[in-house]
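S.K.: build the 3D model from these lines:
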Amino acid sequence: MKKIYSLLFFLQLVILGCSSNVIEEHRATQKIENLRMNIFSESGEKIYSVTSPYSSFNKNKLKLQLNNTTINIFNGEKIKYIIQSDESTLSNNNKLVMLKGNVKLKTLKQDDDMLMADNFIWNLEDTNYLLEGNIKFENNNIILNSSKAKLDSDNIIEFFNPVKYTFKSNNNENKYEINSENAYYNIKTGSVSFKAKDNRIRSIIYF
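M.R.: Here you go, the predicted model:
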């Protein structure tokens, strides 16, 4: 009988301990609806803005979790890029931005340009944006596919090996393809260049 009482007492302690952890975690997490937030530099310039219909902030981890995220990245007072995703995380005092799920990056300079990926990572201390998983860049003229890409401050997207480039014809059908180790797309000029260290660039032309 003493063993039974001891077991019951132990179970009560475990349950109370678990309940306490749940309560503490609940207290540490703040739910936020219709979040609209601007992030500024130390000099007062707007770096980016973020909106989300539903989000939560963990006070202990200083991490913001957002759903259906829209982030506007600014260059001065003008929006440079608009990024949307299923979910995102802001951490390290909002200096580390990570977007996940159906990431879509659009530039206002070229209306038809669309860069898509599974994940988007941006460390504000770095001038580059990293995209990973099922990369696809598309506009009215071309399609570029790869597994990894990097967008730098000069508006050049670097696509990492392997890269598949497809040029569209006037009727929007695929005209020809080029397979390469690396490709570079200049958003400002709309030009594409290819680079291969080990393998030759292979192309397929459709007639």
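
S.K.: so the most centrally placed residue in the chain is in which element?
M.R.: In the chain, the residue lying closest to the centroid (CA atoms, centre = their mean) is F120, at 2.1 Å. Using DSSP states H and E, F120 sits in strand 114-123.

S.K.: for that strand, which strands pair with it and how are they oriented?
M.R.: strand 96-107 (antiparallel), strand 129-138 (antiparallel) (DSSP bridges).

S.K.: in a markdown table, list these along with mean neighbour count.
M.R.: Yep, even glycine has a C-beta here, placed from its N, CA and C like the rest. A markdown table is the format used below for those (neighbours: other CB atoms under 10 Å):
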| stretch | mean neighbour count |
| --- | --- |
| strand 96-107 | 19 |
| strand 129-138 | 19 |
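
S.K.: reformat these as a markdown table; add mean pLDDT.
M.R.: Shown next, in a markdown table, are these (pLDDT from 0 to 100):
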| stretch | mean pLDDT |
| --- | --- |
| strand 96-107 | 95 |
| strand 129-138 | 95 |
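
S.K.: out of those, which gets nearest to T189?
M.R.: Smallest distance to T189 across the strands paired with strand 114-123 (CB to CB): 13.0 Å, for strand 96-107.

S.K.: CA atoms of the closest one as PDB?
M.R.: Extracted C-alpha coordinates of strand 96-107, given in PDB (Å, rounded to 0.1, in the frame of the first residue of the first chain):
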ATOM      1  CA  LEU A  96      17.600  37.500 -38.500                       C
ATOM      2  CA  VAL A  97      14.600  37.000 -40.900                       C
ATOM      3  CA  MET A  98      13.600  33.500 -41.900                       C
ATOM      4  CA  LEU A  99      10.700  32.800 -44.200                       C
ATOM      5  CA  LYS A 100       9.300  29.300 -44.900                       C
ATOM      6  CA  GLY A 101       6.800  27.800 -47.300                       C
ATOM      7  CA  ASN A 102       5.700  29.200 -50.700                       C
ATOM      8  CA  VAL A 103       8.200  32.100 -50.500                       C
ATOM      9  CA  LYS A 104       7.600  34.600 -53.300                       C
ATOM     10  CA  LEU A 105       9.900  37.600 -53.800                       C
ATOM     11  CA  LYS A 106       8.800  40.300 -56.200                       C
ATOM     12  CA  THR A 107      10.700  43.400 -57.300                       C
END
